[in-house]
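[1] Have a look at this prediction, sequence included:
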Amino acid sequence: MLTTFRSPELVEFGQGASDRIADICAAVGVARPLIVTDAFMAANPLLKRLTGPLDAAGIQYGLFSQTVPEPTTDSIDALRAHYADGTYDGLIAFGGGSSMDSAKALAIIEAYGGTYADHVVPNTPDGSVMPIICVPTTAGSGSEVTNACILKDSTSGEKLVYLGQACVPQIALIDYEFSLDMPAKLTASTGIDALSHALEAYTSTGANPFSDAMALSAMALIGPSLRTAVREPTNRAARERMMVGATQAGYAFTSAGVTLVHGMTAPVGGLFHIQHGVSNGMFAPTVHEWSAGASVPRYATAARALGFADSTVGDEEAAAGIGRALRALNRDLGLPSLQEYGVDEERYLGILDSMVEQAFLTGGPGLNPRVPTPDEMQDLYRAALSDSWDSAA
């Protein structure tokens, strides 16, 4: 089996990794970076930890702080206008997946031109783009090491998915201290996203020895740590495990792919304005419960790695319990179901055909251990809509 592995040129982990930002800029030939972040991080004292070494080195930089939680073509247009006003030669993405995806989208459209839709899957932007240095402040998307980028079309509401080497940052500096100020809700939503990446990569039919090693390690780190990170935000051990686990999960799904959960949530997130990680949490119990019987050994191993089952539980029981355990996790993290979120049921059911079509276009459903028919996917959409966390273990 042919396996592809993509990675930044340099990835540095650990407390204080960002202190080397000035040296890193010099090493990749960036003399005037544009820092891409959001309003929350721009007002956070942690920004000075990033800019301090740049100031000390005499590196002039710009700051764009208007990224939005789910990047849109309109928000990237604003970023492009800001970029055009300066003489920037590289990007520092400082924040969560939205800031990193915004930087990736800017780099792609600046290098390739055309419209945003010109470069989405199945096209693969693999050429050179401007240097991107990622400094994540959340433990979720893994975007600091992935070959993926997601935007929402501001006109249609549809997700635009980019996959290719051009989406892989040049450098990733992963310093868990930047995550200590994350609010509980953001910790929960980004954490469930990271967990989804690892679980889907491990159960994907595209799984391989490299992705398995990363996914299993990620699940072993995230499973016991996510609740703690939400309840005890300054718990450094939990924050570090989450940050490392999220990056490993990013590596895992970049190699193995994500599956049915991400496929089905792609249209829902954009059309109903649901944050990406939250939508993954909404669909994960229903989808993995439906899929588990087709890959019992892998789901059982995943359940044990996540701490959902122990070694005394047989494979069939461990795999069958994955849905209940995910519901319990959603409940404990305070993540809403689709109904609790207030999704318009009539509208949701009225566009099932379109959502199914969009889900299949992502490619994720084809990597699921149990590939649904269009009718089965409609049934899964209905089941997720009626799901609740009341039946949690």
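    Nice, I can see it.
[2] in the stretch 51-200 of the chain, which spans are helices?
    Listed in chain order, the helices of the stretch 51-200 of the chain (DSSP state H, counting those that start in this stretch) span 73-85, 97-112, 184-203.
[3] how about TSV for the ones you listed, with distance to Lys152 and mean pLDDT added?
    Glycine gets a C-beta too; all of them are placed from N, C-alpha and C. As requested, the helices of the stretch 51-200 of the chain are exported to TSV (distance: least, CB to CB, whole Å; pLDDT from 0 to 100):
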stretch	distance to Lys152	mean pLDDT
helix 73-85	7	95
helix 97-112	10	95
helix 184-203	16	97
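[4] any idea how far Leu335 is from Trp290?
    As for Trp290, its distance to Leu335 is 19 Å (criterion: CB to CB, to the nearest Å).
[5] Which one's more surrounded, those two?
    Per other CB atoms under 10 Å, whichever of Trp290 and Leu335 has more neighbours is Leu335, with 25 against 19.
[6] Am I right that that one is in contact with Ser279?
    No: judged on CB atoms under 8 Å, Leu335 makes no contact with Ser279 at a distance of 9.9 Å.
[7] Can you give me the domain boundaries for this structure?
    10-179, 184-391 (automatic domain parsing).
[8] Ok, which of those comes nearest Thr4?
    Checking those against Thr4 by CB to CB gives domain 184-391 as the closest, at 6.5 Å.
[9] gap between Val135 and Thr51?
    Taking CB to CB, one finds Val135 at 11 Å from Thr51.
[10] what residues are up against the nearest residue to Val120 once chain neighbours are set aside?
    Excluding the flanking residues, the one nearest Val120 by CB to CB, 6 or more residues apart in numbering is Leu160, at 4.9 Å. Contacts for Leu160 (CB atoms under 8 Å, 6 or more residues apart in numbering) come out as Thr73, Tyr116, Ala117, Val120, Ile150, Leu151, Lys152, Asp153.
[11] can you redo the helices of the stretch 51-200 of the chain as TSV with distance to Asn330?
    Formatted as TSV, the helices of the stretch 51-200 of the chain follow (distance: least, CB to CB, whole Å):
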stretch	distance to Asn330
helix 73-85	28
helix 97-112	20
helix 184-203	7
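[12] what's the closest of the ones you listed to Gly58?
    helix 73-85 (21.7 Å).
[13] ok and that closest one relative to helix 97-112, angle-wise?
    60 degrees (axes from the mean of the first three to the mean of the last three CA atoms, to 10 degrees).
[14] Give me the contacts around helix 73-85.
    34, 36, 62, 64, 66-68, 102, 105-106, 109-110, 116, 151-155, 160.
[15] Please apply the same query to stretch 23-30.
    9-10, 31, 33, 54, 57, 59, 89-90, 92, 131, 133, 170-171, 173.
[16] most neighbours, which of those residues?
    Ile92 (29 neighbours).
[17] tell me the pLDDT at that one?
    On pLDDT, Ile92 comes in at 98.
[18] That one against Ile21, yeah?
    Yes: the pair Ile92 and Ile21 passes the contact test of CB under 8 Å, sitting 7.1 Å apart.
[19] still on that earlier bit, will you turn the domains of the chain into TSV that also has distance to Thr3?
    Output for the domains of the chain, formatted as TSV (distance: least, CB to CB, whole Å):
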stretch	distance to Thr3
domain 10-179	14
domain 184-391	4
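[20] Indicate which one of the ones you listed is closest to Leu2.
    Going by CB to CB, the one of those nearest Leu2 is domain 184-391, 9.1 Å.
[21] Same question for stretch 364-383: list its buried residues.
    Across stretch 364-383, burial judged by 16 or more other CB atoms under 10 Å covers Gly364, Pro365, Leu367, Asn368, Pro369, Arg370, Val371, Pro372, Met377, Gln378, Leu380, Tyr381.
[22] make that stretch 266-285, sorry
    Applying 16+ other CB under 10 Å to stretch 266-285 flags 266-272, 274-285 as buried.
[23] ditto for stretch 235-250
    Buried residues in stretch 235-250 (16+ other CB under 10 Å): 235, 238-250.
[24] Please flag which of those residues sit within helices.
    Counted as lying in helices by DSSP state H, out of these, are 238-250.
[25] Let me know the closest of those to Ser295.
    Ala249 (18.2 Å).
[26] so the closest one touches Leu216, yeah?
    No: here Ala249 does not reach Leu216: they are 10.4 Å apart, not a contact under CB under 8 Å.
[27] Identify the contacts common to those two.
    Common neighbours of Ala249 and Leu216 (CB under 8 Å, 6+ apart) are Ala198.
[28] Point out where this structure drops to low pLDDT.
    1, 391-393 (pLDDT under 70).
[29] where along it do the strands fall?
    Using DSSP state E, the strands of the chain run over 10-13, 33-36, 62-64, 90-95, 132-136, 148-152, 159-163, 171-174.
[30] Need these in CSV (columns: distance to Ala207).
    Listed next are those as CSV, based on distance: least, CB to CB, whole Å:
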stretch, distance to Ala207
strand 10-13, 22
strand 33-36, 33
strand 62-64, 38
strand 90-95, 28
strand 132-136, 24
strand 148-152, 17
strand 159-163, 18
strand 171-174, 23
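[31] Can you get me a residue count around Asp175?
    Asp175, neighbours per other CB under 10 Å, totals 24.
[32] go on, Ala166?
    Neighbour tally, Ala166, other CB under 10 Å: 21.
[33] any idea how far it lies from Pro45?
    In terms of CB to CB, Ala166 sits 33 Å off from Pro45.
[34] same question, Ala309
    42 Å.
[35] got it, and Asp153?
    For Asp153 relative to Pro45 (CB to CB), the value is 35 Å.
[36] again with Pro8
    For Pro8 relative to Pro45 (CB to CB), the value is 27 Å.
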